[in-house]
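*Asks:* Sequence and predicted model, in that order:
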Amino acid sequence: MKETYKSFETERLFIRPTNILDADFILELMNSPKWLENIGDRNIKSVKDAEDYIENKILPQLKRLGYSNYTIIRKSDQAKIGCCGLYNREGLDRIDIGFAFLPEYEKKGYGYESVSKLKEIALNYFKLPEIVGITIQTNVGSQKLLEKIGLTFKDIIKLPNDEEEVMLYR
């Protein structure tokens with residue numbers, strides 16, 4: 001029996017769990033300039049790499065916790081515009097909310113619309129006690145969005161197996 005996971009929607013967007021059919025999109029997103037600059041190179045260089053990443057990184061958490069990475073789809077034209085997710089990261093005591101968008105869909109309110117909905121889902125549907133957000137110090141756009149959804153900067157931290165310091169929001 002195939003497991004089904006809940007999808008969500010906002011006025012303009014569908015927010016559904018990322019699956020293997022999103023590999024082309026994940027390849028494009030993970031190689032976009034801002035992803036590489038702000039999140040880092042995950043060495044996803046082919047559709048096969050993207051499929052493996054989905055299979056080995058995204059789906060295991062989805063199966064274990066019921067949430068993971070979500071593909072954001074614009075209702076008006078079914079365009080895959082970005083992703084947001086709830087991530088169980090080593091070194092964090094709470095679930096991390098993260099997001100990324102293709103450049104052509106930035107500055108249109110989709111980030112706030114999807115991420116504020118995901119925060120609501122995390123707290124009310126998945127019953128998480130709290131969420132956190134992390135971002136690098138140069139990523140002012142992410143800092144502003146985390147603050148806009150009600151998180152507050154708390155500390156500069158380092159995650160295990162990562163040299164880079166990140167800003168922690170609660």
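*Replies:* It's in.
*Asks:* can you list contacts of the lengthiest helix in the chain?
*Replies:* Assignment by DSSP state H gives helix 110-120 as the longest helix of the chain. Helix 110-120 is contacted from outside by 8, 10-13, 15, 70, 72, 74, 81-82, 84-86, 97, 99, 101, 131, 145, 148-150, using CB atoms under 8 Å, 6 or more residues apart in numbering. For the C-beta atoms, the positions are set from N, CA and C on the backbone; glycine is no exception.
*Asks:* What average pLDDT does it get?
*Replies:* Per-residue pLDDT values over helix 110-120 give a mean of 98.
*Asks:* For it, which residues meet the burial criterion?
*Replies:* By 16 or more other CB atoms under 10 Å, the buried positions in helix 110-120 come out as 110-111, 113-119.
*Asks:* Beyond that helix, next helix or strand please.
*Replies:* On the C-terminal side of helix 110-120, the closest following helix or strand by DSSP states H and E is strand 131-135.
*Asks:* what comes up buried for the helix or strand that that following strand is followed by?
*Replies:* Sequence-wise, the next helix or strand downstream of strand 131-135 (DSSP H and E) is helix 140-148. Using 16+ other CB under 10 Å as the test for burial, helix 140-148 gives 141-143, 145-146.
*Asks:* List the residues that contact the residue lying closest to Ile95 once chain neighbours are set aside.
*Replies:* Nearest non-adjacent residue to Ile95, counting by CB to CB, 6 or more residues apart in numbering: Leu86, 4.9 Å away. Leu86 makes contact with 65, 67-68, 95-97, 118, 122, 126, 128, 131, according to CB under 8 Å, 6+ apart.
*Asks:* Just the buried ones from those residues, in ChimeraX syntax?
*Replies:* A single ChimeraX command is used to select the members of these judged buried by 16+ other CB under 10 Å:
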select :67,68,95,96,97,118,122,128,131
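*Asks:* want to try JSON lines for the contacts of Leu86, with distance to Ile157 as columns?
*Replies:* Below are those laid out as JSON lines (distance: CB to CB, whole Å):
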{"residue": "Leu65", "distance to Ile157": "22"}
{"residue": "Tyr67", "distance to Ile157": "23"}
{"residue": "Ser68", "distance to Ile157": "22"}
{"residue": "Ile95", "distance to Ile157": "15"}
{"residue": "Asp96", "distance to Ile157": "11"}
{"residue": "Ile97", "distance to Ile157": "16"}
{"residue": "Leu118", "distance to Ile157": "22"}
{"residue": "Ala122", "distance to Ile157": "20"}
{"residue": "Phe126", "distance to Ile157": "24"}
{"residue": "Leu128", "distance to Ile157": "19"}
{"residue": "Ile131", "distance to Ile157": "16"}
